[in-house]
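J.: Here you go, sequence then predicted model.
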Amino acid sequence: MDKYKKLASNTLIFAIGTFSSKILSFLLMPFVTRMMGTGDYGAADLVQQTVNVLIPVVTLQVNSAALRFALDKAVDKADVFKVGVRTTLAGFAVFLLFTYPLSMLKINDFHLGDYIILIVSFVLVSSFRQLCQQFVRGSGHVKLYAVDGILATATTLAFTILFLGPFKWGVTGYIVAIIASDACSVVFYFITAKLYRYINFNKLKDKSIASQMLKYCVPLIPTIILWWIINVSDRYMVTYFISSSANGLYTAASKIPNFVILFSQIFIDAWQLSAVDEYDQEGGRQFFTKVFRVYSGGIFAVASVLILLCQFITRILVAKSYYESWQFVPILIIATTYSCIVNFLASIYMAEKKNVMSLLTAMSGAITNFVLNMVFIPRLGANGAALATVCAFLVVFVTRSIDTRRFIKIDFKLPVLLGETAVLVTQSVLLLKFDGKLWVYAVEAVLVAVMLLLNLKPIKELVNLILAKFLKKKKN
């Protein structure tokens with residue numbers, strides 16, 4: 001299959017599954033914010049983010065190795081999954097030894113010990129769901145991956161409404177809904193992909209596969225933690241410097257930038273498969289450049305529209321008591337935009353299996369984020385955390401764009417990239433400084449039009465190319 005057609009086909013399949021699961025977080029926002037106060041919502045978010053940073057440590061990030069090695073046609077798939085399961089179980093057993101000291105942690109008005117049983121259950125179930133997800137995706141069962149996205153959407157919706165509505169379980173219900181949904185996904189994968197075939201005590205056919213996978217994934221652990229510092233540590237610091245209620249508002253604000261991640265993730269899931277397949281092929285540089293131009297253009301265009309509409313969207317998505325959270329949205333959208341650009345460059349390290357430089361570049365961003373959080377949050381409040389995150393992703397983008405040129409020289413079209421960034425910054429400044437002025441929205445609309453014009457050519461090129469590949473008749 002032609003590389004552009006394959007990328008388009010996979011993107012469409014992933015869109016079906018990813019869009020439904022990602023859009024759920026927006027659809028549930030009005031219900032969740034009405035059923036939970038800002039303090040409870042902030043606490044539930046901290047539990048979820050704590051689990052997100054624990055999983056890669058507990059599992060040694062073996063799910064990433066499961067994806068990468070399942071993509072290798074020469075590797076036995078059964079061996080890959082066995083290593084994933086054994087590593088996950090061993091890591092979880094060790095993790096149980098550290099649950100007591102973990103339960104002693106307290107951040108301002110948030111006490112982790114109140115939720116330790118939920119955290120332990122969450123880590124185990126979600127670890128297996130991630131392993132199954134990545135293994136199935138790497139094995140080429142992209143349609144199953146998409147169907148699971150739809151299933152997860154339905155089960156999370158049902159459990160959340162049940163546990164927060166009639167049961168009124170609050171924070172516990174919010175977390176248990178996610179755990180129950182993940183458990184349903186694991187069962188689904190085991191049955192449909194017949195993963196139970198690989199659960200046995202037989203020896204590995206290739207004894208070196210375990211060491212190869214661990215050599216690949218272990219360097220990813222500090223990288224994941226560093227990404228967590230950039231993406232999530234500001235929520236702990238907002239809680240520490242201000243309160244859980246302030247973090248609840250900040251968390252609500254972060255949901256709107258997730259629209260950008262929604263469109264990005266749909267593409268990145270498909271792109272990772274194409275990046276590995278086409279990396280060493282002739283015309284790889286041109287392929288990466290063309291795809292980057294369209295991908296970045298689409299991300300910036302979505303971000304620009306979101307800044308224009310962020311107040312309107314906030315009114316729809318959240319309860320009245322959360323409305324002031326909109327003021328954190330514009331800067332968070334800029335941060336999210338560059339996080340998506342950085343994720344594209346991560347595909348080069350994945351294709352090269354060069355995780356050390358992925359680690360070092362992430363470290364530069366994490367250090368930047370931590371230092372600036374300490375400086376900005378006490379002075380600027382939650383917007384200081386958002387600004388620190390923007391600076392962190394800019395640092396990572398600059399370091400990665402320079403370093404990855406050793407492997408493949410992408411033409412980033414720097415003048416266009418700087419122009420796009422300037423448009424987003426101008427939109428954010430105008431909206432925050434002149435909130436309520438009617439002329440601001442007229443200027444914002446003009447800036448959105450400018451953003452679309454900046455990206456009209458690359459988007460049109462790829463759309464025409466993909467349509468041509470689909471519609472062109474085969475010539476004998």
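T.: Nice, thanks for sending it over.
J.: rest of the way, CA atoms for contacts and neighbours
T.: Will do.
J.: Below-threshold pLDDT in the stretch 201-350 of the chain: ranges please.
T.: 266, 268-285 (pLDDT under 70).
J.: what separates F300 from K457, distance-wise?
T.: Between F300 and K457 the computed distance is 14 Å (C-alpha to C-alpha, to the nearest Å).
J.: Have a look at the two and say which one is more surrounded.
T.: Each of F300 and K457 has its neighbours counted (other C-alpha atoms under 10 Å); F300 has more, 29 against 13.
J.: quick one: the more buried one and C340, what's the gap?
T.: 10 Å.
J.: Strands of the protein, residue ranges please.
T.: 106-107, 110-111 (DSSP state E).
J.: Ok, which of those strands comes nearest P30?
T.: Evaluated over the strands of the chain, closeness to P30 peaks at strand 110-111, with 23.8 Å, by C-alpha to C-alpha.
J.: For that closest one, name the packing helices and strands.
T.: Other helices and strands packing on strand 110-111, by 3 or more C-alpha pairs under 8 Å, 6 or more residues apart in numbering; DSSP states H and E, are absent; none qualifies.
J.: can you put the strands of the chain in CSV and add mean pLDDT, distance to L447 and mean neighbour count?
T.: As requested, the strands of the chain are exported to CSV (pLDDT from 0 to 100; distance: least, C-alpha to C-alpha, whole Å; neighbours: other C-alpha atoms under 10 Å):
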stretch, mean pLDDT, distance to L447, mean neighbour count
strand 106-107, 84, 41, 14
strand 110-111, 86, 41, 18
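J.: Can I get these in TSV including distance to A183?
T.: Formatted as TSV, the strands of the chain follow (distance: least, C-alpha to C-alpha, whole Å):
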stretch	distance to A183
strand 106-107	29
strand 110-111	26
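J.: wait, which of those is closest to V47?
T.: strand 110-111 (9.7 Å).
J.: and A392, how many neighbours does it have?
T.: Counted with other C-alpha under 10 Å, A392 comes out at 29.
J.: Could I get the pLDDT score of it?
T.: Note on A392: pLDDT of 95.
J.: In this structure it contacts N369, no?
T.: Yes: if you go by C-alpha atoms under 8 Å, A392 and N369 touch, sitting 5.1 Å apart.
J.: quick one: common contacting residues for these two?
T.: Jointly contacting A392 and N369 under the rule C-alpha atoms under 8 Å, 6 or more residues apart in numbering are I230.
J.: just so I know, which of the strands of the chain lies nearest A246?
T.: strand 110-111 (12.3 Å).
J.: Adjacent strands (with direction) for that closest one?
T.: Here strand 110-111 has these sheet partners by DSSP bridges: strand 106-107 (antiparallel).
J.: ok, and what's touching the partner strand?
T.: 112-113, 236, 239-240.
J.: Of these, which is the nearest to V423?
T.: Distances from V423 to the contacts of strand 106-107, taken by C-alpha to C-alpha, are shortest for Y236, at 30.5 Å.
J.: Any figure for the gap between the closest one and V53?
T.: Taken as C-alpha to C-alpha, the span from Y236 to V53 is 13 Å.
J.: These two: which is more packed in?
T.: Applying other C-alpha under 10 Å to Y236 and V53 shows that Y236 carries more neighbours, namely 22 against 19.
J.: Hmm, the more buried one is touching L46, no?
T.: Yes: at 7.3 Å, Y236 and L46 qualify as touching, with contact defined as C-alpha under 8 Å.
J.: quick one: Y198 from D72, how far?
T.: 18 Å.
J.: So what's the residue count around the closest residue to S401 other than its chain neighbours?
T.: Spatial nearest neighbour of S401, chain neighbours left out: L345 (7.3 Å); criterion: C-alpha to C-alpha, 6 or more residues apart in numbering. When neighbours are counted by other C-alpha under 10 Å, L345 registers 19.
J.: can you pull the contacts of L345?
T.: 400-401, 404.
J.: Who wins on neighbours among those residues?
T.: R400 (21 neighbours).
J.: Nearest residue to it in space, please, no chain neighbours.
T.: Per C-alpha to C-alpha, 6+ apart, closest to R400 is T361, 6.3 Å.
J.: roughly how far apart are that neighbour and V51?
T.: 24 Å.
J.: Same check on V75?
T.: Following C-alpha to C-alpha, the distance that separates V75 from V51 is 31 Å.
J.: try S243
T.: 20 Å.
J.: again with I316
T.: 29 Å.
J.: Tell me which of those two has more neighbours.
T.: For I316 versus V51, the count of surrounding residues by other C-alpha under 10 Å is larger for V51: 21 against 15.
J.: And the pLDDT at that one?
T.: 95.
J.: thought it was touching I119?
T.: Yes: using C-alpha under 8 Å, V51 is in contact with I119, at 6.3 Å.
J.: Using PDB, list the CA coordinates for stretch 207-214.
T.: What follows is stretch 207-214, C-alpha atoms only, in PDB (Å, rounded to 0.1, in the frame of the first residue of the first chain):
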ATOM      1  CA  LYS A 207      15.900 -15.700  25.200                       C
ATOM      2  CA  SER A 208      17.400 -12.400  24.300                       C
ATOM      3  CA  ILE A 209      14.100 -10.700  23.600                       C
ATOM      4  CA  ALA A 210      13.600  -9.800  27.300                       C
ATOM      5  CA  SER A 211      16.900  -8.000  27.500                       C
ATOM      6  CA  GLN A 212      16.300  -6.200  24.200                       C
ATOM      7  CA  MET A 213      12.900  -5.000  25.300                       C
ATOM      8  CA  LEU A 214      14.200  -3.800  28.700                       C
END
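J.: List the contacts of that stretch.
T.: For stretch 207-214, using C-alpha under 8 Å, 6+ apart, the contacting residues are 60, 62, 65-66, 69, 79-80, 83.
J.: how about those residues in TSV, adding distance to I175, neighbour count and pLDDT?
T.: Listed next are the contacts of stretch 207-214 as TSV, based on distance: C-alpha to C-alpha, whole Å; neighbours: other C-alpha atoms under 10 Å; pLDDT from 0 to 100:
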residue	distance to I175	neighbour count	pLDDT
L60	23	22	93
V62	24	32	95
A65	27	28	93
A66	26	30	94
F69	32	24	92
D79	33	21	93
V80	30	25	94
V83	28	20	95
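J.: Mind picking the two most distant members of the residues you listed?
T.: Top of the distance list for the contacts of stretch 207-214 (C-alpha to C-alpha): L60 and D79, 16.9 Å.
J.: starting at the chain centroid, how far to stretch 149-169?
T.: Here the centre of stretch 149-169 is set off from its chain's centre by 21 Å, with C-alpha atoms, centre = their mean, to the nearest Å.
J.: Over to stretch 288-296?
T.: 19 Å.
J.: and if you look at stretch 320-333?
T.: That offset, for stretch 320-333, works out to 20 Å (C-alpha atoms, centre = their mean).
J.: One more: stretch 360-376?
T.: Distance of stretch 360-376 from its chain centroid, counting by C-alpha atoms, centre = their mean, is 19 Å.
J.: Counting neighbours, which bits of it end up buried?
T.: Neighbour counts over stretch 360-376 (16 or more other C-alpha atoms under 10 Å) mark 360-366, 368-370, 372-374, 376 as buried.
J.: now what about that stretch, what contacts it?
T.: By C-alpha under 8 Å, 6+ apart, stretch 360-376 touches 223, 226-227, 229-230, 233-234, 237, 384-385, 387-389, 391-396, 399-400.
J.: Out of the residues you listed, which sit inside helices?
T.: 223, 226-227, 229-230, 233-234, 237, 384-385, 387-389, 391-396, 399-400 (DSSP state H).
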